[in-house]
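**Q** my questions concern the predicted model and sequence given below.
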Amino acid sequence: MLRPMVSADREPVLNLIQATGFFTPDEVKVAEELIDIYLTNPAQRDYFIVVVENDSGQVTGYMTYGPTPLTEGTWDLYWIAVSPAEQGKGYGRMLVRHLEEEVRRKGGRLILIETSSQPKYQPTRKFYEKLGYTEVARIPDFYRPGDDRVIFGKYFR
């Protein structure tokens, strides 16, 4: 089941973000800050957060996404994570498909997804490619020397 995030999801989501081993402590802090803003200020519309539950009702994944400021019809997938124990079961695909449906419904034309060039992110990059996203830009040494910013995109016409 996929649904908007609620306060009771805060700790399970933060736990699964940390459990992935993909995010630095600073990145986890940013994710936590966005979660807290989302939960305490439901009127904001800069971004949205959804969670997906497994058959037992446990939060197994989450995603933060929103319209890109100062653009017409461009959306960003800011954060996505699935519990390591639940990866490979279609939850990530479910989250991205939800984003695509929302973007289409709201008349969007482009989704952008940013990730790292580090080897541990190779499965992540392949995941996006399997969903029809293509690398549209790469900024060498963006995050740190040897760690490029890789941007994937998908157009909806």
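**A** That came in fine, so what should we check first?
**Q** got the phi and psi for residue 97?
**A** Residue 97 adopts backbone torsions of phi -60, psi -40, taken as degrees, to the nearest 10.
**Q** just give me how far the helix or strand in which residue 30 is found sits from the chain centre.
**A** According to DSSP states H and E, residue 30 maps onto helix 25-40. Helix 25-40 sits 13 Å away from the centroid of its parent chain (C-alpha atoms, centre = their mean, to the nearest Å).
**Q** what residues of that helix count as buried?
**A** Across helix 25-40, burial judged by 16 or more other C-beta atoms under 10 Å covers 31, 34, 35, 38. All C-beta spots, glycine's among them, are computed from the backbone N, C-alpha and C.
**Q** can you pull out the strands in the protein?
**A** With DSSP state E as the criterion, the chain has strands at 2-4, 48-53, 59-67, 74-82, 110-116, 134-144, 147-155.
**Q** partner strands of the third one, with direction?
**A** Pointing back at strand 59-67 there. Sheet pairing of strand 59-67 (DSSP bridges) gives strand 48-53 (antiparallel), strand 74-82 (antiparallel).
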